[in-house]
Structures are given as structure tokens and as C-alpha cells.
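Participant: 3D, please:
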Amino acid sequence: MEPGEAEFKERFSLVGSNVKIFSGNAHPRLAYDICRYLGLPLGRSLASTFQNGETRVKIEETVRGKDVYIVQPICGRVNDSLVELLLMIDAVARASVKKVTAIIPYYGYEKQEKKTSGREPIAAKLFANIYTVAGVNRIITVDLHSAAIQGFFDIPVDNLTFFPLLFNYFEKKLKGEDIVVVSPDSGGVSRAKVFADQMRASLAIIFKRRNRPDQVEAIDFIGDVKGKTAIIIDDMISTGGTLIQASRILKQNGAERIFACATHPLLAGSAIKDIENSDIEEVVVADTVPLPIEAQRGKFLYLSVAPLIAESVRRVHYNLSVSMLFDWRKKYEANSD
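Facilitator: Okay, the predicted model is just below:
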């Protein structure tokens, strides 16, 4: 049995340890929040661009013998974020560090984890190989699109999950309401079922097909939502098409209130405007990627994963169990494909 929270943090403090945390340009705020939680300064580094367009990286303090963590979701200018992270890994790996851990809250290219037709790459596997070659010893990420991506690596991968934070939020906010948890597609049924069990709620499923990338056509609906409060749960919001289509179907079938939640708010194209004009009452997301200014108000609410990631860093450094952070993790994995 672990000690109380305060005693645990004191016993396993990282202040004065050999841990160094650095950030790329993709999401420095998250890196800062992680450091603040752990009582550590953010490491000094430079990531910029040469005039010819090449990425320039320099670590501006000694890391010899250190346990180094680099925070960089693959988002925004995706390919720039990716190259920047790879160069930072290479820079510290060549500087005689003890260990390099890449904290990639949003693992870019994760939707390209399998071939859907002939002559297509498996990008998620390709970049898993490249990270390893660059010199990384461990990956920490949050809610991979497919748990199978962990198997692309021959190094440890800690796939944290945002959903216990969502459970705590909705349990308080919707206490006493008749709740139905909705999976907006067949691929998310396992995720939605576990969340529904935790909420002691019923389950509804929307089946869909994509005629073209990022365009969704719903084709079937299973479940009873009439007069209920619906929570649509997904791993990411890209164009918002999936959520909006789901909210229309739920409204047509008599849902009283509609909430949505997802880990990664990519919010491409007109997603923010479209969601603001939809029947969805509130959208709860994580800060695995920077939230645009226009999404920091209105229907959007974000919950920070900085404490979650910070605690995983503490546990990794002291060789403690990361899975202890999640009461429901084993159940989730048992229900996953």
C-alpha cells in the first residue's frame, strides 16, 4: 500500500534529483506546468530555424549523466514539431545522458497505424522506428488512437489515459442525472463501455463510414437516449464532423442534454465554429495540444494532464508502478481490441 499523497510526494521528490525536463516549441506551456508541479525548473534549450528552412536545436545546459525528459506533442506545424523532437533527442543522446524519455502527449500520425488500402505507409510504425534510432529510451504518451501502437516499439511505452479525469468531472457535474455514454463510432466502443460502467450509465453506439478522409456519414444508431443526458466520448476531435453528426442523431432520438469529451482537441478547419453552432452543450478536452484562443471560452472546457504526466515522470524516475495512477486501467485494457 502506498503512503498518503503528501508523504508520497515528499518521499519521492524530484527536487535536487538528476532529472532535467526540456520543451520543444509545440507546447511549452504544458512543459512549464509539468515542471511547476514537480518543483523543477524548465531546462534551457533553443529550437529555431535557419534561413534555409532547416530546424536548429541546441541544449543550453549540461545534461551529462542526467535523466532527461523532452516534452513535445506532434501538433501545429506537425512535421516541424516532429523534426524538432528528433533533433532534441539526438542532441541529448550525444551528450552522455543517462536516459532519454520523450513525452509525446499527442502521438502525431497515430491514425496512420495500419494500411487501409494498397500502397499506403504505416506512418505510426515508421516513426516508432525513427524515435528509437534517434536515441530515445522510453515514450510517455496519452490515449493512443490504437493501443496496438505500443507494440511498434521495442522500448517501454507508457500510454496514460485522460478518462479518469473526465469521470471525476462528470460525476460531480451531472450527479443525479440519467446518463447515457455514446461511442461515436464502432472503434470507440470499448472506451465508451468502460466509461459507461464507471459512470453507472447506459451505452449507445453510432456506426459510421467515411467516404473520404475527414468526412463522416453516420449509418446506424443503437441505444436509448430519449430524455437522457448524453456524453459523447472520443479520443480526438479533428474537424468536429464526428461529434456534430453524433449530436444531431442524439437530438433526433430525444436526448435532453448533450455533452462531448475527447483527449486531443486538434480542432482543424472550422471545427470550433461548427461545434459552437451545434446542439452540444459543453466540450471537455485535455491540454495535450495547445488550445486555440477562440476555444478557451464558449462551449469548450479543458482539464490539464500536466499533473498526470508529472506523476508518471516521478514514478518512472523512481521505478515505481505507473499503472497505479489508474484504478480502471486493467479493465480498460481487458475490453480493448
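Participant: what ranges do the helices span in this structure?
Facilitator: In the chain, the helices defined using DSSP state H lie at 5-11, 28-38, 78-93, 123-134, 163-173, 189-199, 241-252, 271-276, 306-317, 329-335.
Participant: What is the least confident helix or strand in the protein?
Facilitator: When each helix and strand of the chain is scored by mean pLDDT, DSSP states H and E, helix 329-335 comes last, with a mean of 44.
Participant: any idea how far the most centrally placed residue in the chain lies from Ala102?
Facilitator: What sits nearest the mean C-alpha location of the chain, by CA atoms, centre = their mean, is Val142, with 3.7 Å. Taking CB to CB, to the nearest Å as the measure, Val142 falls 13 Å from Ala102. Where C-beta positions appear, they are placed from N, C-alpha and C, glycine not excepted.
Participant: how much space between Leu14 and Glu311?
Facilitator: 11 Å.
Participant: hmm, I was thinking of Ile103
Facilitator: 12 Å.
Participant: Low-confidence ranges, the stretch 201-337 of the chain, go.
Facilitator: 209-219, 327-337 (pLDDT under 70).
Participant: the strands in it, which residues?
Facilitator: Taking DSSP state E, counting those that start in this stretch as the test, the strands found in the stretch 201-337 of the chain are 202-212, 215-222, 229-237, 257-265, 282-286, 300-303.
Participant: Can you redo those strands as JSON lines, where the extra columns are distance to Thr55?
Facilitator: Putting those into JSON lines (distance: least, CB to CB, whole Å) gives the following:
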{"stretch": "strand 202-212", "distance to Thr55": "32"}
{"stretch": "strand 215-222", "distance to Thr55": "33"}
{"stretch": "strand 229-237", "distance to Thr55": "25"}
{"stretch": "strand 257-265", "distance to Thr55": "23"}
{"stretch": "strand 282-286", "distance to Thr55": "27"}
{"stretch": "strand 300-303", "distance to Thr55": "28"}
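Participant: Please identify the deepest-packed of these.
Facilitator: strand 257-265 (a mean of 25; mean count of other CB atoms under 10 Å).
Participant: And the contacts of that one?
Facilitator: The contact list for strand 257-265, computed with CB atoms under 8 Å, 6 or more residues apart in numbering, reads 106, 142-143, 161-163, 166, 170, 174, 177, 229-237, 243, 246-247, 250-251, 275, 279-286, 288-289, 291, 295, 300, 302.
Participant: let's see 7 Å
Facilitator: 106, 142-143, 162, 166, 229-237, 243, 247, 250-251, 279-286, 288-289, 291, 295 (CB atoms under 7 Å, 6 or more residues apart in numbering).
Participant: Kindly report the same for stretch 74-81.
Facilitator: Counting by CB under 7 Å, 6+ apart, Gly24, Ala26, Thr55, Gln72, Leu82, Ile104, Tyr106, Tyr107, Gly108, Tyr109, Leu266, Val289 sit against stretch 74-81.
Participant: again with stretch 127-144
Facilitator: By CB under 7 Å, 6+ apart, the list of residues contacting stretch 127-144 reads 86, 89-90, 93, 99-105, 107, 109-110, 150, 152-162, 235, 263, 286, 288, 305, 309, 312, 316.
Participant: what separates Tyr131 from Asp90, distance-wise?
Facilitator: 11 Å.
Participant: how does the protein divide up, domain by domain?
Facilitator: 5-162+306-331, 163-303 (automatic domain parsing).
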